[in-house]
Each structure stands twice: as C-alpha cells, then as structure tokens.
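[1] Give me coordinates for this.
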Amino acid sequence: MKPDNDAYYRSILASYPLPPVLRIEERDSGMNNTTRYAVLEDGSVRVLRIYENHREEAKLATEHELLLRLTQEDLPFLVPCPLYTEQGSTWTTAPDGKLASLFPLLPGKRPAADRHTLSYAYGRVVGQLTQAMEQLTLDVEPSYPPYDELLSVDTNEAAGSARRLYEQDAALSAFAGEADYLLAILDRLSSQAESIRRLNRQWIHGDFSHANALVSEDAVTSVLDFEFATRDLRAMELAVCLAEQLSAPGGLQRAVIEELLDGYRSVRALQPEELRLLPELLQLRKLDVFLHFLNRYQTGLDPVQVLQDQTSKSARVCRFLDEQADWIRRL
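    As a prediction, this is how the structure comes out:
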C-alpha cells in the first residue's frame, strides 16, 4: 500500500476505536512529520501524526509519557494527549513500518510567523512550561541528547566535512561564507562548554516556538509537538523560543527580545548566569538547526533550497546576536 493515499491513512486509523471516518484532510503540517486530519461521522476531528524522523518506539514512549503527565497538570494551555489503540497502546505501525499516533484536535489557529505582538505571550508560555516541568520525573530515559552535547563533537572534523560540502556542491558554494561563519561560532562555543554545562537542568519541550503553538486572539491556547522533549539546560527552553522568534520575518529587533523576556519573567526569574550565557545559548540553538538541516540534505530528506534557507537564516540571527550580546546581558 502506497503512503499518502486515503487507504493508507484509513489502515492506520483502523487500529483505533473511532466512529466512522467521513474523510481525511490535509491541513497544517510541520516540516519533520506528516499530519492528516480525520473528520468523523459525529463531527469531531482527530489528528493523525506519522513520524518521518525515526521508527524507534522508545522515543515515542518518552514523548507520550511526558504528554500524559502534563495533561494531569493545571496548565493555562492544552497539550496533545495521545489516544489509545484497540490494543491499549498510544501508537501504532503504518503499513510501511512508520510509527503513527492519534490525538484530539486542539483549539486555536497557527499564528503567522511574523506576528511579533505575541512575543510576550510566548515568553509567558515558556515560563509556564519551564515551571510545570521543573520537578517532573519520568520512568523513561530521555531519547534525545541535550543541546550542549553538540559542543562535545570533534568540531574540527565536523567543520572540515561541512566546509568541503559547501565548497564542492555547486548549489551550496554561494553560501560557503555563511556556513564558515556558523562553524567558527561552533568552535567558539565549544571553548565555553564548561560554563554552559554548569547551568541548571530539567525536562524541557526543546522545540517550542510560534511553529508549535495554537492561538486565539492574543492568547496561546495549545502547545504542540513534544517529539524532541528531553532533559536539558533549563534556559534552553527560553533560548529556543527566542531564537526562532528572531528568525521569523521582521524578528531581528530588540523589542522582540525585551517582550519575550518580560513574558518569561512574569512567571519565573532568569538566573544571572543564565542571562549572561543567553546569547551563547541562542546561537547554540541556531547551530543545532543549521546542522540538523545539513544532515537532512546529506541524507536526501530535503531539497537543497531548504538548506540554503536555513544556512542564511541561521547566519543572520547569529550575526545579530554577536552585535547585541552585551545589550542582552544587561537586560
């Protein structure tokens, strides 16, 4: 059975106790996984998520245990709650071996990436997520490494391999200067690894930004996509969200940083050492994104245009952060 047709999706949905499925729709979907919307006979909608990044059940076990725990918390927003199959599992296997999960449809709409008036609201959500997960203990181990593990790699070997790719690939040669700049930052951050690793750690969402939020008017109603949740530096939750807001169209402005930080601080304090290293953590996020899409291009998952865009975007944000680092530390 070929993927991306009605029968394929219905075969996955057959694992769940559902009313009859009227139709399957393609609406919003992220970059890493496939999402489809099952409209049921009773008028309700279920969200089908098919994992394209991996086929590891241990990763789903971690993600789903975290979600089930968070649904028991008194949060000011909703999170996806995985539904159970007829066999009592929170995931199933598609005909082609991919893993899939089903969720209720959560309220809200995806915000425009350039809607920077939501920066304060995003900061509050980051603070609330951090607070809710601060004392969280799970019976499963993290499936993904923390961001600072990137600083443990042999940077000379990784940088050399990446530079050769940008020099030899005709579609990337025009971006070699930006890639070289990003790789130089990786080397610089690696020299600060000891200070970064001393920051407090806890479970974090790890990928929250406007891309993983649903909103209604000026409020965040739902937080999506906990796939990359892990135990990490606590301040990375803030760094991830802020880095992605800066990456959005029109985002390279001090007001975005101020408002998002104000939102975070309305919920919890940022420790002095977390603030001092915040510019480095923001750059660490952009380097992680850059290397993630570099790997996706090398393994044939993305066309070259995606890597070109991510290289330019990451370099622009990192240059802005170099210029604003001292100002950020004084906030």
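
[2] in stretch 220-230, what's buried?
    220, 221, 222, 223, 224, 225, 226, 227, 228, 229, 230 (16 or more other C-beta atoms under 10 Å). Every residue, glycine included, has its C-beta placed from N, CA and C.

[3] Next, the second one: phi, psi?
    When quoted as degrees, to the nearest 10, the phi and psi of residue 221 stand at phi -100, psi -30.

[4] Leaving out sequence neighbours, find the closest residue to it.
    residue 108 (3.6 Å; C-beta to C-beta, 6 or more residues apart in numbering).

[5] Including secondary structure, could the buried residues of stretch 220-230 go into a markdown table?
    Formatted as a markdown table, the buried residues of stretch 220-230 follow (DSSP: H, G, I helix; E, B strand; the rest coil):
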| residue | secondary structure |
| --- | --- |
| 220 | strand |
| 221 | strand |
| 222 | strand |
| 223 | strand |
| 224 | coil |
| 225 | coil |
| 226 | coil |
| 227 | coil |
| 228 | coil |
| 229 | coil |
| 230 | strand |
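
[6] Show me the shaky parts of the chain.
    Residue ranges of the chain with pLDDT under 70: 1-4, 30-31, 153, 155-156.

[7] Quick check: the residue nearest to residue 221 touching residue 218?
    No - at 11.6 Å, residue 108 does not count as touching residue 218 under the criterion of C-beta atoms under 8 Å.

[8] Same drill for those two, tell me which one is more crowded.
    Neighbour count, other C-beta atoms under 10 Å: between residue 108 and residue 218, residue 108 has more, with 19 against 11.

[9] Tell me who's in contact with the more buried one.
    213, 214, 215, 216, 220, 221, 222 (C-beta atoms under 8 Å, 6 or more residues apart in numbering).

[10] In the stretch 1-150 of the chain, mark out all the helices, start to finish.
    Under the criterion DSSP state H, counting those that start in this stretch, helices of the stretch 1-150 of the chain are mapped to 6-13, 57-70, 119-133.

[11] by how many degrees do the last one and helix 57-70 diverge?
    The directions of helix 119-133 and helix 57-70 differ by 100 degrees, with axes from the mean of the first three to the mean of the last three C-alpha atoms, to 10 degrees as the criterion.

[12] residues in contact with helix 119-133?
    Under C-beta under 8 Å, 6+ apart, the answer for helix 119-133 is 70, 73, 75-77, 202-205, 208-210, 213, 215, 218-220, 223, 234, 237-238, 241, 245, 255-256, 259-268.

[13] ditto for the second one
    The set of residues that contact helix 57-70 without belonging to it, under C-beta under 8 Å, 6+ apart, is 51, 79-82, 90-91, 99, 101, 132-133, 136, 138-144, 203, 226-227, 229.

[14] redo that, cut-off 10 Å
    51, 53-54, 56, 78-82, 89-91, 93, 99-101, 103, 129, 132-133, 136-144, 203, 205, 223, 225-230 (C-beta atoms under 10 Å, 6 or more residues apart in numbering).
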